[in-house]
Every structure is written in structure tokens, then in C-alpha cells.
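>>> sequence below, structure please.
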Amino acid sequence: MNEAISNRLTSLDVFRGLTIAAMVLVNNPGTWSAVYPPLKHAEWHGWTPTDMIFPFFVFIVGVSISLSLGRRVEESGVTSKIVTKIFVRSGAIFLLGLIQMGYPFFDLANLRIPGVLQRLALCYLFAALIFLFTKTRGQVIGVAVLTLGYWALMYFGANGDYSMEGNFSGYVDRLVIPVNHLYKPTREFYDPEGLLSTMPAIASCLIGVLCGNWIRRKRDHHETVSGLFVAGIILTFIGWVWNFWFPINKPIWTSSYVMYMGGLALCFLGLCYWLIDVRGVKWWTRPFEIFGTNALALYFGSAIFTRTLINIKWDIGEGKTTNVQKWFYDSAIAPYFEPINASLVFAILYILLWLFLMWLLYRKKIFIKV
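Coordinates of the predicted model:
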């Protein structure tokens, strides 16, 4: 979602870069058996720093919708060309998600249909259309309807059961999508990017849209920053209070999770905006600008590359096999560190590899967009 915009916000690119770098970091430990707790998702209710990553990225997509489409609408109004491009882009991102899920064997009978890119595609589609055809008031109402409506569905659909086994979102996933096309179908009772839970995720995107609306208005920088922090604190507080009735939960993307993470995202972007765009403290930002301007390419490329490394296998005797990733980890990293630190070192080296690859694109001014 890297539309060129006038007066482009370096802080938004940096925020996007930090978020996508964190996503790649937590997705690629040396071994899943040794990972620091903050780099793992909460098992069910509650949250860790890792649970901030995906809602932050959905929020950033919303900010980008307002900044990019807002300029176009101001120039030419809502046109069929703009609407068509939204549908085409959403379809392309969804297709990339399916390719990522299927690579390298493309077992269509067991292909997982939901996924991270698929959810981003749907959030982008609905949030962009809501942005085009409503004003700020309508977008606020959209957030309220989506979050309160989801709470009502989850409560009345399963008599207030928010457990892994009994929640209504998982029931809808299993009802609508064949179980062999869901996430870990033999071990889980839900899909973390399932159908019903995409409903509140769209609200997360709309919070980003509202943030972008606020930034686009011509006002004093300090007023902009203050507004971001005030709104962020209010949403975080709402999420914290709502948690007592509808627990903060990333796998089923609860409404309290929407508010809490939306508030934190507003505060984090406010901090980046103040530090980078207002104060001009940019000495540390270049790596994250590099990641942020090619975020989709980084996420998709790193996922495909990881699957490639894992699926290049060979026999090592005694009926055992290894693969490129495990061989490198076991021979070049694991002997020199404690397991949990070795796993982290591998993830950091993986990020540095992709920083180099993304720097090559950045240096050539190649920005891969969909």
C-alpha cells in the first residue's frame, strides 16, 4: 500500500517498516522450540508485543487509504476508475495470499484459504469503499457498528463462550469453509484470519482511515500530534475496560483488541510523527524507510524464501532428513549460543539479509506495488 503522495510522511513509512520488520522477525526464528516469550503470540486471551504487529499493519493500511485516495478524490471525485482499481488491487493481494499459502506444492485439496494477505485484501477493499462513499461521521459509525455488532454476534451466537473450542467465530469458519482449508485443521477450532473475525479487523483499518483524515487536515503539527495521542489514549482505555466483558484476543480479533491496539497504534504513529516529521530526528530511520517502501514485497518474498529453504531437503543417515534452513542453523549458529539466543540470532540475520535485498531495490528506486 505504498501510494506516492504529496508531502509523503516519512514517519508513516518508518512505522510501516518497523511493523513489517517485526512481522518477519517473529515469523522466522531459528527454531520454534526456543523463542523468547515477547516474540510469541499469547496462547489465547491477553496479548504480547507480537500481537501488536498485525493490527498495526492493518491500521497503517487504513492511514494509507486516506492519504492516497483522499488526494485523488479531492482532485477528481469518486470515479469508476478509482473503484475498479480498489477491486483489482484487493483481488491481486488476495491472490498473492493464496499463492503464499500454496507454495511450493499447491495442494489445492488442502489449500488454506484464509491468511494474512487475504485479510489485508478484504480490509483494504471494505475500508476503501467505506472511505469513498462516507464522510468522517460515517466512518466513525462504521467502527462502532462493526465492533459492537461483532460483540453481539460473538456473545449471542455462543452464549458468551469465547473459548478456543466454543467461540462463534470458529463455528462460522467451520460452517462456511471446509475444515481442510482452515488453519491447522486437525489441531485448532478456529482460523486466526477467519471470515467473521475479519469484520472487526475492518474496523481496525477504519481507525487508520480516521487517523489519516486527521493528518490530512491542514493544522499546526503540535495539534496533529496532540490529537493522535489523545485519541490513542481514549481508545486504549476503551479497549482496556471492554476487556473485562469481551477479552482482548488476537486469534478471534475481539472488539476490545480492536480498540486497545488501535489506541496503541495511534500513540506509536504520533510518536513517530513528532520525532521524525516535526523534530526531524531521522538518523535512525533509513533501514525502516527501506523496509516500509517495499513492505508487501518484503512480506511475500521472505515467506516464499523461507518455504523454499525448508523444502530443499536431503537425507543425513539413520532415517533422518534435514533442510537448508535447519542445516545452516544447526551448523553455523546453534553451536555458539544458548538455544533461545541462537534462535534469535538466526531471526536477526534473516532480517539483515532482507534489509540488504530491499536496499538493492531502494537504491535503484524500485518500489514493487500491487
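>>> C-alpha only now, for contacts and for neighbours.
Noted.
>>> at which residues are the strands of this structure located?
When secondary structure is read from DSSP state E, the chain shows strands at 313-317, 320-323.
>>> residue 269 is nearest to which of those?
Residue 269 lies closest, by C-alpha to C-alpha, to one member of the strands of the chain: strand 320-323, at 39.8 Å.
>>> how about that closest one: buried residues?
322, 323 (16 or more other C-alpha atoms under 10 Å).
>>> tabulate the strands of the chain in TSV, adding columns for distance to residue 240.
Rendered in TSV, the data for those read as follows (distance: least, C-alpha to C-alpha, whole Å):
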stretch	distance to residue 240
strand 313-317	47
strand 320-323	44
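>>> centre of the chain versus stretch 101-110, how much separation?
Counting by C-alpha atoms, centre = their mean, to the nearest Å, stretch 101-110 is centred 22 Å from the centre of its parent chain.
>>> who's in contact with it?
Stretch 101-110 is touched from outside by 99, 111, 112, 113, 115, 180, 181, 304, 307, 308, with contacts defined as C-alpha atoms under 8 Å, 6 or more residues apart in numbering.
>>> for those, pick the one with the most neighbours.
The most neighbours of any of the contacts of stretch 101-110, using other C-alpha atoms under 10 Å, belong to residue 112, which has 23 neighbours.
>>> residues contacting that residue?
Residue 112 neighbours (C-alpha under 8 Å, 6+ apart): 98, 101, 102, 180, 181, 182, 183.
>>> follow-up on the earlier one: quick check: the two most widely separated of the contacts of stretch 101-110?
180 and 308 (22.7 Å).
>>> hmm, residue 262 and residue 237 touching each other?
No. Look at residue 237 against residue 262 with C-alpha atoms under 8 Å: they stay out of range, at 10.7 Å.
>>> just the buried members of the contacts of residue 112?
98, 101, 102, 181, 182, 183.
>>> give me the nearest residue to the first one, chain neighbours excluded.
Nearest residue to residue 98, sequence neighbours excluded (C-alpha to C-alpha, 6 or more residues apart in numbering): residue 113, at 6.5 Å.
>>> so where's the stretch 151-300 of the chain uncertain?
Per-residue confidence of the stretch 151-300 of the chain (counting by pLDDT under 70) places the weak regions at 185-188.
>>> before we move on, back to that, which one of the strands of the chain lies nearest to residue 275?
Relative to residue 275, the nearest member of these by C-alpha to C-alpha is strand 320-323, separated by 43.5 Å.
>>> CA atoms only for that closest one - export them in PDB, please.
Taking Å, rounded to 0.1, in the frame of the first residue of the first chain, the C-alpha atoms of strand 320-323 are listed here in PDB:
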ATOM      1  CA  LYS A 320      16.700 -38.600   9.200                       C
ATOM      2  CA  THR A 321      16.500 -35.600   6.900                       C
ATOM      3  CA  THR A 322      17.500 -32.000   7.100                       C
ATOM      4  CA  ASN A 323      16.800 -28.900   5.100                       C
END
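>>> partner strands of it, with direction?
Using DSSP bridges, the strands paired with strand 320-323 in its sheet are strand 313-317 (antiparallel).
>>> mind listing which of the contacts of stretch 101-110 are in helices?
Among those, the subset assigned to helices under DSSP state H consists of 99, 304, 307, 308.
>>> test my guess that residue 336 contacts residue 342.
Yes. Here residue 336 lies in contact with residue 342, judged by C-alpha under 8 Å, at a distance of 7.5 Å.
>>> neighbour count for those two, which is higher?
Here residue 336 and residue 342 are set side by side on neighbour count (other C-alpha under 10 Å), and the busier one is residue 342, at 23 against 11.
>>> pull up the gap between that one and residue 355, please.
Note on residue 342: its distance to residue 355, by C-alpha to C-alpha, to the nearest Å, is 20 Å.
>>> go on, residue 40?
The gap separating residue 40 from residue 355 is 22 Å, by C-alpha to C-alpha.
>>> which of the two has more residues huddled nearby?
Remark: of residue 40 and residue 355, residue 355 carries more neighbours, 19 against 16, as counted by other C-alpha under 10 Å.
>>> so what's the more buried one up against?
Residue 355 makes contacts with 287, 290, 291, as judged by C-alpha under 8 Å, 6+ apart.
>>> and it, what pLDDT?
What the model reports as pLDDT for residue 355 is 97.
>>> likewise for residue 5?
The confidence metric pLDDT takes the value 36 at residue 5.
>>> that older thread, now, which of the ones in helices among the contacts of stretch 101-110 sits nearest residue 35?
residue 307 (19.4 Å).
>>> centroid residue for this protein?
Nearest residue to the geometric centre of the chain (C-alpha atoms, centre = their mean): residue 54, 2.9 Å.
>>> rebuild the ones in helices among the contacts of stretch 101-110 as JSON lines, extending it with pLDDT and distance to residue 91.
Compiled in JSON lines, these are given as follows (pLDDT from 0 to 100; distance: C-alpha to C-alpha, whole Å):
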{"residue": "99", "pLDDT": "97", "distance to residue 91": "12"}
{"residue": "304", "pLDDT": "97", "distance to residue 91": "19"}
{"residue": "307", "pLDDT": "95", "distance to residue 91": "23"}
{"residue": "308", "pLDDT": "96", "distance to residue 91": "25"}
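>>> out of those residues, which one sits closest to residue 196?
Minimum distance to residue 196 across these is 22.4 Å, recorded for residue 99 (C-alpha to C-alpha).
>>> which ones are touching the closest one?
Contacts of residue 99 by C-alpha under 8 Å, 6+ apart are residue 106.
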